[in-house]
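Trainee: With the input below, show me the fold.
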Amino acid sequence: MTDMLAGQPQLLAALCALIALLLLAFLTWVVSYVKRDVSIVDCVWSLLLALAGVIYAATLPMMGPRTLLVMTLLMAWAVRLAGYITWRNWGEPEDRRYQAIRARNQPHFEWKSLYLVFVLQAVLAWIVSLPMLPALASTAALGVLDYVAATVVVFGLLFETAGDAQLAAFKARPENRGRVMASGLWRYTRHPNYFGEFCVWWGFFLFALTAGAWWTAISPLLMSVLLLKVSGVTLLEQDIAERRPQYRDYVLRTNAFFPGPPKTGS
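Mentor: Numbers count the residues shown, from 1 in each chain. The predicted structure is shown next:
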């Protein structure tokens with residue numbers, strides 16, 4: 001078994017990354033058990049992906065020509081997102097989404113959350129991270145597609161950073177309490193942060209595509225489904241109109257995901 005893995009460096013790197021992600025998820029679960037706050041997993045999500053990239057880079061037998069570029073972009077994305085979510089959630093109670101999951105899975109949710117939340121997040125992060133592996137392993141020279149990939153990642157990173165900053169500034173003003181953010185990037189899409197994430201991971205996939213790893217499209221496809229149908233747009237908007245009636249009008253005039261001009265009558 002060891003000899004087989006030694007002859008398959010990408011497989012070995014993938015297995016090492018999966019183990020490392022499961023270990024980090026377990027340690028995060030221990031902290032959540034003590035704090036009784038499962039939503040800390042959101043702070044660790046991007047760090048799981050960063051850890052996968054580090055394991056790939058450390059485990060592969062040699063650095064490829066795009067290693068520095070890919071890892072720099074990955075770390076910039078991961079540190080920014082982890083820092084922002086930690087700052088946003090600091091001192092706040094457990095996120096209402098996780099409170100709902102907790103209520104649905106009683107009794108003993110504290111134990112069930114290990115696999116319902118933390119192991120699941122680790123496995124999802126591992127799948128999403130897969131484009132990094134062939135991108136880092138490839139020995140092909142940098143080409144046009146790499147620069148397109150970098151441009152898409154940087155665009156997505158800047159887009160989501162700007163959206164988060166605009167929303168934070170909006171919420172910081174007392175007169176906006178209970179109001180709906182509908183200016184800046186939020187005028188053109190109801191979820192600029194999610195659209196930015198979408199761009200980031202399709203960009204990383206383009207790096208893998210330069211190595212011929214078309215099969216890693218499972219990563220941005222999975223991320224797209226999560227953002228649009230699972231933990232992103234659909235989940236966030238389930239009851240927001242009930243909590244903020246103005247949101248109904250906002251929905252009618254503003255694109256849900258892909259940016260576009262406000263609809264007529266805005």
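Trainee: Okay, domains of the protein per the record?
Mentor: 1-68+95-136, 140-266 (automatic domain parsing).
Trainee: Give me the below-cutoff pLDDT ranges for the stretch 51-200 of the chain.
Mentor: In the prediction, the stretch 51-200 of the chain carries no residues with pLDDT under 70.
Trainee: what's the following helix or strand after whatever helix or strand Leu27 lives in?
Mentor: For Leu27, the host element (DSSP states H and E) is helix 9-35. Using DSSP H and E, the helix or strand that follows helix 9-35 in sequence is helix 41-59.
Trainee: Mind giving me the packing neighbours of that next one?
Mentor: Helices and strands touching helix 41-59, by 3 or more Cβ pairs under 8 Å, 6 or more residues apart in numbering; DSSP states H and E, are helix 9-35, helix 67-89, helix 120-129, helix 132-137. C-beta here means a position set from N, CA and C on the backbone, and glycine is covered the same way.
Trainee: Can you point out the buried residues in whichever helix in the chain runs longest?
Mentor: What stands out as the longest helix in the chain, according to DSSP state H, is helix 144-172. In terms of neighbour count (16 or more other Cβ atoms under 10 Å), helix 144-172 has its buried residues at 146, 149-150, 152-154, 156-157, 159-161, 163-164, 166-167, 170.
Trainee: which is the next helix or strand following that helix?
Mentor: On the C-terminal side of helix 144-172, the closest following helix or strand by DSSP H and E is helix 192-209.
Trainee: what's the spacing between stretch 39-55 and its chain's center?
Mentor: In terms of Cα atoms, centre = their mean, to the nearest Å, the centre of stretch 39-55 is set 9 Å apart from its chain centre.
Trainee: So which residues make contact with that stretch?
Mentor: For stretch 39-55, the external contacting residues (Cβ atoms under 8 Å, 6 or more residues apart in numbering) are 13, 16-17, 20-21, 24-25, 28, 31-32, 70-71, 74-75, 77-79, 81-82, 85-86, 89, 94-95, 97-98, 117-118, 121-122, 125-126, 128-129, 132, 136.
Trainee: again, but for stretch 101-114
Mentor: So stretch 101-114 is contacted by Phe26, Trp29, Ser32, Tyr33, Arg36, Val38, Glu94, Leu116, Val117 (Cβ under 8 Å, 6+ apart).
Trainee: Going through those, which ones are buried?
Mentor: Buried among the contacts of stretch 101-114 by 16+ other Cβ under 10 Å: Trp29, Ser32, Val38, Glu94, Leu116, Val117.
Trainee: what's the most buried one of the helices and strands packed on helix 41-59?
Mentor: Comparing the helices and strands packed on helix 41-59 by mean neighbour count (mean count of other Cβ atoms under 10 Å), helix 132-137 comes out on top with a mean of 26.
Trainee: got the buried residues for stretch 251-266?
Mentor: Buried residues in stretch 251-266, counted by 16+ other Cβ under 10 Å: Val251, Thr254, Asn255, Phe257, Pro259.
Trainee: Adding pLDDT, distance to Ser46 and secondary structure as columns, could you present the residues you listed in a markdown table?
Mentor: Formatted as a markdown table, the buried residues of stretch 251-266 follow (pLDDT from 0 to 100; distance: Cβ to Cβ, whole Å; DSSP: H, G, I helix; E, B strand; the rest coil):
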| residue | pLDDT | distance to Ser46 | secondary structure |
| --- | --- | --- | --- |
| Val251 | 85 | 28 | helix |
| Thr254 | 89 | 26 | coil |
| Asn255 | 89 | 25 | coil |
| Phe257 | 90 | 20 | coil |
| Pro259 | 94 | 23 | coil |
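Trainee: Return the member of the residues you listed nearest to Ser183.
Mentor: Thr254 (10.8 Å; Cβ to Cβ).
Trainee: and the closest one, what is it in contact with?
Mentor: Thr254 sits in contact with Ala182, Trp186, Arg187, Tyr188, Thr189, Arg190, Pro262, Lys263, Ser266, where contact means Cβ under 8 Å, 6+ apart.
Trainee: Save the helices and strands packed on helix 41-59 as a markdown table, and put in distance to Tyr194 too.
Mentor: As requested, the helices and strands packed on helix 41-59 are exported to a markdown table (distance: least, Cβ to Cβ, whole Å):
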| stretch | distance to Tyr194 |
| --- | --- |
| helix 9-35 | 22 |
| helix 67-89 | 12 |
| helix 120-129 | 14 |
| helix 132-137 | 21 |
